[in-house]
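*Asks:* Next input, structure requested:
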Amino acid sequence: MEIGRSGCLPAELWEKAYGRRGLGPPIAPHLLDRWVRALMDASLLQIFSARIGGVTIAFRGELILGDFAYDWIAGSDPAHHSSGANQLLMAEIRRELAGLNLKAWDLVKGKVASIADYKRSFGAKDIPYYQACRSYGAKGKAFEIMRSIRHGRE
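*Replies:* You can find the predicted model right below:
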């Protein structure tokens with residue numbers, strides 16, 4: 001198994017991640033690819049991949065700005081989950097990012113306990129983030145209600 005940087009988005013693996021849950025991707029793959037290329041051209045995104053026999057079986061994209069990194073996008077082939085590729089990929093990314101002297105690597109806690117446990121196994125700590133908003137008048141309140149409906153919040 002090879003772990004290294006990739007020069008492109010393995011969109012088919014990203015789509016599989018949604019397909020396993022019976023969902024379609026939230027953005028058209030060709031649009032995401034264009035966005036990813038722009039971020040990579042601006043040196044804001046690094047994509048790491050795991051390959052077996054030259055075939056990409058898992059990837060993760062890390063947004064990096066200054067001394068902060070954000071685990072932004074990922075995908076993998078379920079047929080290779082038992083290979084340990086995802087775990088090895090995370091370990092290698094951690095090793096590479098450690099050399100950048102980052103203040104934080106946000107692994108984005110999953111709302112699924114097993115995902116949160118997996119990320120904690122790499123040394124992640126749960127840090128609560130708070131969001132505050134204020135509505136100004138009827139128009140602002142209507143906007144907040146529509147936003148909460150769109151994002152599935154109460």
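
*Asks:* which stretches of the chain form strands?
*Replies:* Remark: strands assigned in the chain by DSSP state E are 2-6, 45-52, 55-65, 68-76, 104-106.

*Asks:* Check which helices and strands the first one is in contact with.
*Replies:* Contacting strand 2-6 under the criterion 3 or more C-beta pairs under 8 Å, 6 or more residues apart in numbering; DSSP states H and E are the following elements: strand 45-52, helix 85-98. Using the backbone N, CA and C atoms, a C-beta is placed for each residue, glycine as well.

*Asks:* what about the first one, average pLDDT?
*Replies:* Rounded to a whole number, the mean pLDDT of strand 45-52 is 95.

*Asks:* Make TSV from the strands of the chain and add mean neighbour count to it.
*Replies:* Putting those into TSV (neighbours: other C-beta atoms under 10 Å) gives the following:
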stretch	mean neighbour count
strand 2-6	14
strand 45-52	20
strand 55-65	19
strand 68-76	19
strand 104-106	15
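
*Asks:* Which of those sits closest to Lys16?
*Replies:* Closest approach to Lys16 among these (C-beta to C-beta): strand 68-76, 6.1 Å.

*Asks:* what's the angle between the closest one and strand 45-52?
*Replies:* Strand 68-76 runs at 40 degrees relative to strand 45-52, counting by axes from the mean of the first three to the mean of the last three C-alpha atoms, to 10 degrees.

*Asks:* Grab the CA positions of strand 68-76 and hand them over as CSV.
*Replies:* These are the backbone C-alpha positions of strand 68-76, laid out as CSV (Å, rounded to 0.1, in the frame of the first residue of the first chain):
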residue,chain,number,x,y,z
PHE,A,68,-4.6,25.7,11.2
ALA,A,69,-5.7,22.6,9.2
TYR,A,70,-9.2,21.3,8.7
ASP,A,71,-10.0,17.7,7.7
TRP,A,72,-12.5,18.8,4.9
ILE,A,73,-13.2,16.0,2.5
ALA,A,74,-12.8,12.3,2.3
GLY,A,75,-13.9,9.1,0.5
SER,A,76,-13.0,5.4,0.4
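
*Asks:* Can you list the strands that it pairs with?
*Replies:* Sheet pairing of strand 68-76 (DSSP bridges) gives strand 55-65 (antiparallel), strand 104-106 (parallel).

*Asks:* for the helices and strands packed on strand 2-6, which one sits closest to Trp105?
*Replies:* Short answer: helix 85-98, nearest of these by C-beta to C-beta, at 5.7 Å.
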